[in-house]
Structure formats: structure tokens, C-alpha cells
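Asks: Have a look at this prediction, sequence included:
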Amino acid sequence: MEIVQSVVLALLQGVTEFLPISSSGHLVLGTWLFGWSDQGLDFDAAVHVGTLGSVLVYFRHEWIALGRGIVTGGAVNFATGGARTEDSMAARKVLALIVVGTLPLVIVGLLVRDTLETSFRSPEWVAALLIVTGLGLAAGEYAGRRTRSMSSTGLSHALIIGIAQSFAVLPGISRSGSTMVAGLFMDMTRETAARFSFFLAVPAMLGAGILLVVVEALQDSSAQSSGWGPILVGTGISFITGLAVITLFLRFLRTGSMRPFIAYCLLAGAAILVARAAGF
């Protein structure tokens with residue numbers, strides 16, 4: 001694997017993992033556009049380690065409070081907005097929300113992940129599902145009352161968001177987009193929906209992005225190895241890029257809307273379908 005390929009794919013992973021435009025879909029499109037061979041399971045794991053590190057570092061205070069509060073019975077404070085508004089929840093309830101929100105993805109991942117990823121990893125399917133993502137974001141943009149904070153989020157909300165997240169096993173369906181849209185339909189503010197989406201990203205990336213990749217690599221002795229150079233470069237770039245994207249995206253959502261991402265998904269999906277129809 002060349003360093004250039006590792007840089008490009010790591011940038012794609014870092015930028016698209018937390019934006020509502022599908023990281024898995026963009027990795028498929030990246031290899032198609034440049035005519036690259038498969039990057040290898042070890043590289044997939046490396047860039048997921050990078051983006052996992054970025055979300056852990058950005059929300060480090062919340063994760064530390066969560067770990068401490070699970071033991072002591074304390075609370076986690078989710079400070080939101082420029083004024084750092086107080087928004088607290090018992091740590092054990094936060095853990096319950098994360099577990100309930102993750103269960104649907106675990107079930108779908110174990111039952112049908114291989115079949116879905118094999119059948120839907122073509123540029124045509126990714127393009128079509130990007131359009132679906134764009135339409136979902138458009139629906140979410142006009143849904144809900146934007147009043148629900150983390151402290152008023154319940155297990156039923158987490159379950160519905162988790163079911164929406166499970167559709168992201170399809171390359172082209174954005175994990176962050178589907179979870180945020182579900183949150184918006186349940187009256188969450190944009191920033192609250194994004195924060196909960198990022199919390200669900202940790203078990204999602206740890207499970208589907210790292211553990212399953214490692215298991216597959218151990219089971220397949222012929223799996224392609226990317227080499228230590230590209231792996232280290234990919235991990236570092238995806239970490240730095242992911243951290244920057246989380247920071248900027250949450251800041252953007254305080255006053256911005258989903259319209260730029262809606263336009264991108266619809267236009268990119270349509271352009272790819274046209275290109276494929278033209279023989280590219």
C-alpha cells in the first residue's frame with residue numbers, strides 16, 4: 001500500500017466518520033475513483049483506531065465522569081452551546097442509553113453485515129444510498145421542535161436512534177446522519193442529537209470498526225497487510241482530522257443547518273450515478 005493511498009483514505013475516514021455523509025461509502029468511492037486495490041483489514045482497523053481516539057479525546061471529561069459516576073453513582077454534565085449550559089444526567093442512565101442505542105447495530109452486524117456489505121459495496125449502490133441519506137437529512141431538517149436535551153432523553157429514544165444507526169451497515173447510509181435524523185424527529189436539538197451520535201460512535205467503531213476487522217484478519221491468513229508505514233500514517237491523520245471535524249461540526253450546528261450536507265449527498269449521489277451510466 002502506497003503512502004499516498006493511506007493519506008487519502010485516512011483523510012476520507014477522518015472527515016466523513018463524524019459528518020452525516022457516510023465514511024464507509026466514501027472509502028468505497030475513494031478506491032473506485034483512484035483505481036486502488038483493497039487497502040487491507042489492518043489499515044481499516046488503524047483508521048478506525050484514529051477516529052475512535054479523536055472522539056474519546058474530545059469528550060474526555062464526559063467519559064471520565066461516566067466511568068467515575070458508574071462506580072460512585074454520580075452524574076455526567078453535558079455542557080452545550082457557547083454559554084456552556086448545564087445539562088446533567090446520572091452516569092448509570094447514560095451507560096444504559098449507550099447500551100440500548102448500540103444493541104440494534106450489534107444484532108444487525110452479527111446477522112447480516114457480511115451479506116449487506118458484499119451486496120452493496122458497488123459505486124452505484126453507494127451513490128443511491130447517498131441520495132437516501134440526503135433525503136433523510138432533508139426530512140430531519142424540518143422535523144421536531146428542537147427542545148430535547150440529553151437530560152430529557154429516555155431509553156425509548158435511545159432504542160429508536162439505535163435502530164436508525166443499524167441501517168448504517170449499508171455503505172452510503174451515514175451512521176451519524178441516521179442517528180441525528182432520528183434524534184431530530186424526537187425533538188432533540190441539533191447539538192444534542194450530534195453529541196449522542198458521537199457517544200454511540202465509540203461502541204460502533206470499537207465493535208464494527210476494530211474488533212470485527214481484527215477477528216476477520218485472524219481468520220483469514222491471506223488477508224492483505226498494508227505495512228507499518230501506511231498504518232501509522234493513517235492512524236495519525238484520521239485522529240487529527242476526526243478531532244478537528246468534531247470540534248468544527250458541533251460549533252457549526254449551534255447556528256447552522258443540515259442543508260450543506262443535504263446538497264452534498266444529493267449532488268454527489270446523482271453525479272456518481274451519471275458517471276457510472278456514462279461508463280466511468
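Replies: Ah, there it is. Residues are numbered from 1 along each chain as shown.
Asks: And the helix or strand hosting residue 138, what's buried?
Replies: Per DSSP states H and E: residue 138 is located in helix 123-141. Of the residues in helix 123-141, those with enough neighbours to count as buried (16 or more other C-beta atoms under 10 Å) are 123, 125-134, 136-138, 140-141. In short, each C-beta sits where N, CA and C put it, glycine included.
Asks: and that helix, what's its mean pLDDT?
Replies: Mean pLDDT, taken over the full extent of helix 123-141, equals 94.
Asks: same question, stretch 71-86
Replies: Averaging pLDDT residue by residue across stretch 71-86 gives 73.
Asks: What are the boundaries of the strands in this structure?
Replies: When secondary structure is read from DSSP state E, the chain shows strands at 75-77, 88-90.
Asks: Let me know which of these is tucked in deepest.
Replies: When you average the neighbours per residue for each of those (mean count of other C-beta atoms under 10 Å), strand 75-77 leads with a mean of 21.
Asks: What are the contacting residues of it?
Replies: Outside of strand 75-77, the residues that reach it under the criterion C-beta atoms under 8 Å, 6 or more residues apart in numbering are 62, 65, 66, 69, 86, 87, 88, 89, 90, 91, 94.
Asks: of those residues, closest to residue 258?
Replies: Taking C-beta to C-beta as the measure, residue 258 lies nearest residue 87 of those, at 21.8 Å.
Asks: could you measure the closest one against residue 67, distance?
Replies: Going from residue 87 to residue 67 by C-beta to C-beta, to the nearest Å gives 19 Å.
Asks: For those two, indicate the residue with more neighbours.
Replies: Using other C-beta atoms under 10 Å, the more surrounded residue of residue 87 and residue 67 is residue 87, with 17 against 13.
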